[in-house]
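Visitor: How does the following fold in three dimensions:
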Amino acid sequence: MKAKYINPFTDFGFKKLFGEEVNKDLLIDFLNGLLPAKHQIKDLFYKRTENLGSTELDRKAIFDIYCESQNGDKFIVELQKAKQNFFKDRAVFYSTFPIREQAERGNWNFELSAVYCVGILDFVFDDSSRNPHKYLERVQLRNDEGAVFYDKLTFIFIEMPKFNKPEDRLETHFDKWLYFIKNLEDFDHIPKRLRDRIFEKAFRSAEIARFNPAQIDAYEQSLKYYRDMKNVIDTAEEEGFERGLERGLQQGLQEGLQQGLQQGLQQGLQQGLQEGDLHARAIIARNALEQGFTDDMVAALTGLSPDQIASLKK
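Guide: Residues are numbered from 1 along each chain as shown. A predicted model of the protein is given here:
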């Protein structure tokens, strides 16, 4: 394997970095870069990633990482590798599980702990109204005046393809995390701006040479799945582009022919009217000349030029 470090967009790579108990300080550091001061995490524990509804008929939700902080706040952290129909609906659906599990037996006042759904996306939302340069978006329930109606349910989406900062433009600690995730597989050494305790540990955890044979095999399988899926997506996008281009050319040709025909008819009609009008004026001019009208009188009567009148006289 040529790469020195794992690809964090694989299931194995993502969970190796952020889903293991030994690396929970990496996850804490990453999440604290996203959270407000009142919800900063001091410690957390991982919960089972497979959540079931209250009945057998309920749909099952499987999270990449599901954890809870020291004060009871819930965190779903998902790596989404490809576009998916109804992705936002899926995110909302997932958020209901950590909400419902807080229900207590007996008397309960319905007070809830905060729930955060964090999506690290290896794609860009199809929404032309969104800022093409804004790679991080926080979503909460707001009223029609834009004020926050409920601040305990937050969705955070990070569109990784939009993050293109080079090392010398990293401004915040969280910028460093995104730079690390975006470029990890391409690094052959630790960049100067990432030389601190937390990132040095992240690089050690991501170094393939440190894996045992079983881990290497699991990573290779995960990497193969990721590459196969990306290839399928890229092929579909290329075919879609080619089909769209072909359809666009056909439609443009048809519209062009139709437009050209219409323009030709209009130009022909206009030219015919102009020629018919000129012929009619010439007949009037000849009759006037035969009646003894002067050139000036004929010009005033028909609008013909002196040269045109002279030509008629010949």
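Visitor: Confirm that residue 153 sits in a helix.
Guide: No - remark: residue 153 does not belong to a helix; assigned using DSSP: H, G, I helix; E, B strand; the rest coil, it is strand.
Visitor: ok now do it, which residues does it touch?
Guide: With contact set as C-beta atoms under 8 Å, 6 or more residues apart in numbering, residue 153 has these partners: 95, 99, 114-115, 140-141. Heads up, the C-betas are built off the backbone N, CA and C, glycines and all.
Visitor: Show the buried residues in those residues.
Guide: Restricting the contacts of residue 153 to buried positions leaves 95, 114-115, with burial counted as 16 or more other C-beta atoms under 10 Å.
Visitor: Could you dump those into a markdown table and include pLDDT, distance to residue 197 and secondary structure?
Guide: Putting these into a markdown table (pLDDT from 0 to 100; distance: C-beta to C-beta, whole Å; DSSP: H, G, I helix; E, B strand; the rest coil) gives the following:
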| residue | pLDDT | distance to residue 197 | secondary structure |
| --- | --- | --- | --- |
| 95 | 92 | 33 | helix |
| 114 | 94 | 28 | coil |
| 115 | 95 | 30 | strand |
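Visitor: what secondary structure does the residue most central in space within the chain sit in?
Guide: Centrality entry for the chain: nearest residue to the mean C-alpha point is residue 124, 2.1 Å, by C-alpha atoms, centre = their mean. When the structure is reduced to helix, strand and coil (three-state DSSP), residue 124 reads as coil.
Visitor: now do residue 97
Guide: Applying three-state DSSP: residue 97 is helix.
Visitor: same check, this time on residue 91
Guide: In terms of secondary structure, residue 91 is helix; the call rests on three-state DSSP.
Visitor: And for it, the neighbour number?
Guide: Other residues within reach of residue 91 by the criterion other C-beta atoms under 10 Å amount to 18.
Visitor: ok, it touching residue 117?
Guide: Yes - with contacts counted by C-beta atoms under 8 Å, residue 91 reaches residue 117, the gap being 5.5 Å.
Visitor: on that earlier part again, could you single out the nearest of the contacts of residue 153 to residue 199?
Guide: Distance to residue 199 across the contacts of residue 153 (C-beta to C-beta) is lowest for residue 114, with 27.3 Å.
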